[in-house]
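Engineer: need coordinates for the below:
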Amino acid sequence: MSQVNVRGSFFQYIAAMNRSNPTPKHAHIWPLLAAPHRPFFLFGAIQSVLTVAVWLGIMDGQVQTVLPPGAVHGWLMLYGLLPFFVLGFLFTALPNWISGLAVGRTVYIGSAGLMGLGAVVFYLGLSSSIWSVLGLLLHGAGWAWAMLALARVLIHAKPQDKRQPWLTWWATALGSVGDGLFLLGVGNDSAGLLAASLSVGVWLFLTPLFLGICHRMVPWFTSRVLSNYVLVRPYAPLWIMLIACSAHAGLEIAALPQWTWLADFPLAALTFWFISRWGIARSFSVRLLAMLHLAFVWAAVAFVLYAVSSLAQLLELPWNAGRAPLHALGMGFFGAMLIGMASRVSLGHSGRKLECDGATWWLFWLAQVAAVLRMLPELFAEFPQELVPISGGLWLVTFAMWAAKYAPMTWRPRVDGKPG
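Structural biologist: This is a model prediction of the structure:
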């Protein structure tokens, strides 16, 4: 059989899975399985609580792990939490962006199930490397299945501008590569591979992905609700930002943090430029929109901190930002965007109005306070390290309350009676 026929047969098989078990006409019978985002968001909501609870347990000595604690925390936040929301969003949004074939239930249920089972086994394997490896294998298999299905949707969609859909696909695919590097690091007991995996997760997966999604969605959402709004989203600055992310990843993996400012300053400058053009001041008239704009500000803060800290190392100054830039990026940018975007998707796809109520608004701000508290001891010696577990506890309470509010939307029928 020729290589072309092998490739054709493979994608025909994926197509058959997409066509089999399509979304049922009477989706209200099985609401949790009625749409791709539902099972993924449910796992994500659970993980938003468990990941921090486990980390607090590790810091307090109540949870024991055979793996390096920092690596466990990194994997849980980068790979064990956010990909559930990312894939739930992409399975829903990406086919709509390109008017492509919807992903069938077999694929999204199988992918979510494998990743969810992998996360459970990983938790059980914290005291055993063998179980950790098994959990990572299951998690990675579910992720790979998702990427193959999404690739087929992109490849077979009609000819059109697919730059951003492919950008999101490649960033998420690189995330699965980083997940695989972590598996190799655990299997080979390699601290270098574990560190490289986390760098890939931050700089080749999540940061490019979130920048790309913001580039597409923030101005578009803004244009839908604000009058006389000029939609600004040129591609050239975005490509420069993606190149800078790759450069930062390479320098970090090469253990050259004193030179990452070469990438970080352009990232910060271009992020501030987008902020100035996207109308953040006007966004406060719509809370659900303001959350997305404010989350993007955290990206600028993180890049500035990375740049200044890197330059301080180059100049051998007696100060650095420690892990404050990482937490500005992770808790600030990723965390705030998670609340804003996941709340929006949950409301819209459950038949509710796209309105941010008071509870969600306050939970969003509590998450910002948690991020600031986590950063203060890193930036200023005057602040005690006891703020770190306090920050984690606040994050835990915030996301427990957020999950209690939004997770039930994943297993309940749409309030408007529509399928999906």
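
Engineer: centre-most residue in this protein?
Structural biologist: What sits nearest the mean C-alpha location of the chain, by Cα atoms, centre = their mean, is residue 82, with 3.9 Å.

Engineer: list the residues that contact residue 208.
Structural biologist: 167, 171, 174, 241-242, 245 (Cβ atoms under 8 Å, 6 or more residues apart in numbering). All C-beta atoms are positioned from the backbone trio N, CA, C, and that covers glycine.

Engineer: and if we set it to 10 Å?
Structural biologist: When contacts are counted by Cβ atoms under 10 Å, 6 or more residues apart in numbering, residue 208 touches 167-168, 170-172, 174-175, 202, 238, 241-246, 249.

Engineer: measure it to residue 321 for me?
Structural biologist: According to Cβ to Cβ, to the nearest Å, residue 208 stands 22 Å off from residue 321.

Engineer: list the buried residues of the stretch of helix or strand residue 43 belongs to.
Structural biologist: If you go by DSSP states H and E, residue 43 is part of helix 37-59. Neighbour-count burial for helix 37-59 flags 37-56, 58 (criterion: 16 or more other Cβ atoms under 10 Å).

Engineer: the helix or strand hosting residue 346 vs helix 37-59, what angle?
Structural biologist: Secondary structure from DSSP H and E places residue 346 in helix 335-348. Calculated by axes from the mean of the first three to the mean of the last three Cα atoms, to 10 degrees, helix 335-348 forms an angle of 150 degrees with helix 37-59.

Engineer: okay, now the residue nearest to residue 100 when sequence neighbours are not counted: neighbour count?
Structural biologist: Closest residue in space to residue 100, ignoring its immediate chain neighbours: residue 157 at 3.9 Å, by Cβ to Cβ, 6 or more residues apart in numbering. Residue 157 is flanked by 17 other residues according to other Cβ atoms under 10 Å.

Engineer: what do you get for residue 319?
Structural biologist: 12.

Engineer: distance of the closest residue to residue 249 other than its chain neighbours relative to residue 89?
Structural biologist: In this structure, residue 249 finds its nearest non-sequential neighbour in residue 203, 3.6 Å apart by Cβ to Cβ, 6+ apart. Between residue 203 and residue 89 the computed distance is 20 Å (Cβ to Cβ).

Engineer: when the two are compared, which one has more neighbours?
Structural biologist: The neighbour count for residue 203 versus residue 89, taken as other Cβ under 10 Å, is higher for residue 203 (25 against 22).

Engineer: how close does that one get to residue 174?
Structural biologist: The value you get for residue 203 to residue 174, if Cβ to Cβ is used, is 9 Å.

Engineer: so for these two, which residues contact both of them?
Structural biologist: Contacts common to residue 203 and residue 174, judged by Cβ under 10 Å, 6+ apart, are 246, 249.

Engineer: show me the helices in the stretch 201-350 of the chain, by range?
Structural biologist: 207-225, 235-253, 261-277, 280-283, 287-314, 324-327, 335-348 (DSSP state H, counting those that start in this stretch).

Engineer: can you dump the C-alpha atoms of the helix holding residue 43 in PDB for me?
Structural biologist: The C-alpha trace of helix 37-59 is given here as PDB (Å, rounded to 0.1, in the frame of the first residue of the first chain):
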ATOM      1  CA  HIS A  37     -17.100  21.000  26.100                       C
ATOM      2  CA  ARG A  38     -19.200  19.300  28.700                       C
ATOM      3  CA  PRO A  39     -17.100  16.300  29.800                       C
ATOM      4  CA  PHE A  40     -13.800  18.300  29.300                       C
ATOM      5  CA  PHE A  41     -15.100  21.300  31.400                       C
ATOM      6  CA  LEU A  42     -16.400  18.900  34.100                       C
ATOM      7  CA  PHE A  43     -12.900  17.300  34.400                       C
ATOM      8  CA  GLY A  44     -11.400  20.800  34.300                       C
ATOM      9  CA  ALA A  45     -13.600  22.200  37.000                       C
ATOM     10  CA  ILE A  46     -12.700  19.200  39.300                       C
ATOM     11  CA  GLN A  47      -9.000  19.700  38.500                       C
ATOM     12  CA  SER A  48      -9.100  23.400  39.200                       C
ATOM     13  CA  VAL A  49      -9.700  22.400  42.800                       C
ATOM     14  CA  LEU A  50      -7.700  19.200  43.100                       C
ATOM     15  CA  THR A  51      -4.500  20.500  41.600                       C
ATOM     16  CA  VAL A  52      -4.100  23.200  44.200                       C
ATOM     17  CA  ALA A  53      -5.400  21.000  47.100                       C
ATOM     18  CA  VAL A  54      -2.700  18.500  46.300                       C
ATOM     19  CA  TRP A  55       0.000  21.200  46.100                       C
ATOM     20  CA  LEU A  56      -1.000  22.600  49.500                       C
ATOM     21  CA  GLY A  57      -0.900  19.000  50.800                       C
ATOM     22  CA  ILE A  58       2.600  18.500  49.500                       C
ATOM     23  CA  MET A  59       3.800  21.800  51.000                       C
END
